[in-house]
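# this one's structure only:
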């Protein structure tokens with residue numbers, strides 16, 4: 001009886017600890033990240049159970065006329081006048097465990113295309129962002145570096 005109670009307590013403690021670590025791990029992606037080219041920063045945040053990102057900094061924030069850069073490459077004319085700073089370019093990511101967020105979309109304002117996307121946290125400060133069409137095998141990975149961790 002004594003052995004069973006001890007085993008039960010240890011097992012319960014293990015499961016409680018695991019669930020706390022899992023919840024913290026899911027939010028490990030939150031913060032501000034600089035893209036691989038160093039031309040922009042994206043703040044990743046959470047809405048409900050999904051993860052999103054918006055552009056919060058641009059190396060070249062203004063066009064030749066000194067006005068804030070807009071989404072000129074968007075295929076929809078009505079969206080071409082929206083400013084890039086503040087644009088939500090990552091959306092609908094779901095945490096799948098093992099430092100992976102999947103089932104998301106990424107919008108690339110350089111070409112106006114929208115792609116399926118997965119993100120993988122390599123370490124505390126390195127995030128692989130893979131955009132693709134169809135299957136992940138046919139895509140491109142960009143390595144982002146953390147600038148600010150969620151407070």
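All right, it came through fine. Model, not experiment: these values are computed from the prediction.

# Going by C-alpha atoms from here, please, whenever you check contacts or count neighbours.
Noted.

# for this structure, what spans make up the strands?
Remark: strands of the chain, listed N- to C-terminal, are 31-34, 40-47, 50-58, 88-97, 100-108, 113-123, 126-132, 139-149; assignment by DSSP state E.

# for these, which one ends up most surrounded?
A comparison of the strands of the chain by mean neighbour count, using mean count of other C-alpha atoms under 10 Å, puts strand 31-34 on top with a mean of 23.

# In terms of secondary structure, what does that strand contact?
Other elements packing on strand 31-34 under the criterion 3 or more C-alpha pairs under 8 Å, 6 or more residues apart in numbering; DSSP states H and E are strand 40-47, strand 139-149.

# go with 10 Å
In terms of contact count using 3 or more C-alpha pairs under 10 Å, 6 or more residues apart in numbering; DSSP states H and E, strand 31-34 is assigned the packing partners strand 40-47, strand 50-58, strand 126-132, strand 139-149.

# list the contacts for the closest residue to residue 35 other than its chain neighbours?
Once flanking residues are discounted, residue 35 sits nearest to residue 144: 4.6 Å by C-alpha to C-alpha, 6 or more residues apart in numbering. Contacts for residue 144 (C-alpha atoms under 10 Å, 6 or more residues apart in numbering) come out as 32-38, 41-42, 121, 125-129.

# and with 7 Å instead?
With contact taken as C-alpha atoms under 7 Å, 6 or more residues apart in numbering, residue 144 is in contact with 33-36, 126-128.

# And residue 111, by the same measure?
With contact taken as C-alpha under 7 Å, 6+ apart, residue 111 is in contact with residue 73.

# and what of the one 3 residues further on?
Residues in contact with residue 114, defined by C-alpha under 7 Å, 6+ apart, are 105-108.

# Would you mind putting these into TSV with pLDDT alongside?
Conversion of the contacts of residue 114 to TSV gives the following (pLDDT from 0 to 100):
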residue	pLDDT
105	98
106	98
107	97
108	96
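
# a markdown table for the residues you listed, including distance to residue 138?
As requested, the contacts of residue 114 are arranged in a markdown table below (distance: C-alpha to C-alpha, whole Å):
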| residue | distance to residue 138 |
| --- | --- |
| 105 | 15 |
| 106 | 15 |
| 107 | 17 |
| 108 | 16 |
